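Chemist: what follows is a protein structure lacking sequence information:
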């Protein structure tokens, strides 16, 4: 939910609308950019019920403002996606569904999962990929999960992109490949700021790109 990835979402959504509709078209959208510090504190203090209520209230406000589709621009807080979805009448496009559909469309079977510690260490995300899309999900080793999470919170959400961290991510992805992964899912919306196609030993699926594209397709009546 950092503004670093919100910038990317906004650009990708508008580029996709322009590609689909042509001319001077751009996205008709509402953005509620939250102060990330309280969100991170809720997560760190394991106050997920309070975070869910906070985000549900924000979702209702967007619905009242005229939104007819909700996109929550973060993987981690999809831990409380059901609470958010149940608080509104408009559809919520789950980020793991955008990712899972893309992986299955490409015939992937075993995916390495990179994200915050909340996404990697809790089963809500991997379980959805397994149950809905039949994917096997691999996680980095425990110490590597610490590294992935540290880079996200100490660097990427602050706009810091470090070559050493990029090399570490590449190494970790290589370990997942050695364990049998045939793709890696960048399941934090900031990781794409660090890891590009040339940085990954495996085909990399960036949830930010997949989610933004799926949102436009759904909004234009082209999605499921």
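Modeler: That came in fine, so what should we check first? Keep in mind that this is a model prediction, so the values were computed, not measured.
Chemist: from here on, contacts and neighbour counts on C-alpha atoms
Modeler: Fine.
Chemist: who touches the nearest residue to residue 109 once chain neighbours are set aside in this structure?
Modeler: Computed as Cα to Cα, 6 or more residues apart in numbering, the closest residue to residue 109 that is not its neighbour in sequence is residue 135, at 5.3 Å. By Cα atoms under 8 Å, 6 or more residues apart in numbering, the residues touching residue 135 are 100, 104, 108, 109, 110, 111, 129.
Chemist: can you tell me the element the last one falls in?
Modeler: In this case it means residue 129. According to DSSP states H and E, residue 129 maps onto helix 124-133.
Chemist: ok, residues contacting that helix?
Modeler: 78-79, 96-97, 100-101, 104, 113, 119-120, 135-137.
Chemist: what distance do you get for the residue nearest to residue 109 to residue 202?
Modeler: The gap separating residue 135 from residue 202 is 16 Å, by Cα to Cα, to the nearest Å.
Chemist: do the same with residue 76
Modeler: Distance of residue 76 to residue 202, given as Cα to Cα: 23 Å.
Chemist: kindly report the same for residue 46.
Modeler: For residue 46 relative to residue 202 (Cα to Cα), the value is 33 Å.
Chemist: who has more neighbours, these two?
Modeler: Remark: of residue 46 and residue 202, residue 202 carries more neighbours, 20 against 12, as counted by other Cα atoms under 10 Å.
Chemist: that one contacts residue 185, doesn't it?
Modeler: No - in this structure, residue 202 is not within contact of residue 185 by Cα atoms under 8 Å, at 9.6 Å.
Chemist: what is the one helix or strand residue 177 maps to packed up against?
Modeler: Element membership for residue 177 (DSSP H and E) is helix 163-178. Contact here means 3 or more Cα pairs under 8 Å, 6 or more residues apart in numbering; DSSP states H and E; on that basis helix 163-178 packs against strand 110-114, helix 142-154, strand 183-186.
Chemist: what angle do that helix and helix 142-154 make?
Modeler: 140 degrees (axes from the mean of the first three to the mean of the last three Cα atoms, to 10 degrees).
Chemist: tell me the angle of helix 163-178 relative to strand 110-114?
Modeler: Helix 163-178 runs at 150 degrees relative to strand 110-114, counting by the same axes, to 10 degrees.
Chemist: domains of this protein: list them as residue ranges, please.
Modeler: 3-94+210-219, 95-206 (automatic domain parsing).
Chemist: ok so, going back, give me the contacts around the helix holding residue 177.
Modeler: Outside helix 163-178, the residues touching it (Cα under 8 Å, 6+ apart) are 112, 138-140, 144, 148, 151, 183-184, 194-195, 199-202.
Chemist: now the buried members of the contacts of helix 124-133.
Modeler: Neighbour-count burial within the contacts of helix 124-133 applies to 78, 79, 96, 97, 100, 101, 113, 119, 120, 135, 136, 137; the criterion is 16 or more other Cα atoms under 10 Å.
Chemist: want to throw these into CSV with distance to residue 35 and pLDDT?
Modeler: Below are the buried ones among the contacts of helix 124-133 laid out as CSV (distance: Cα to Cα, whole Å; pLDDT from 0 to 100):
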residue, distance to residue 35, pLDDT
78, 17, 97
79, 19, 97
96, 24, 98
97, 26, 98
100, 29, 98
101, 31, 97
113, 26, 98
119, 20, 97
120, 24, 98
135, 34, 98
136, 35, 98
137, 32, 98
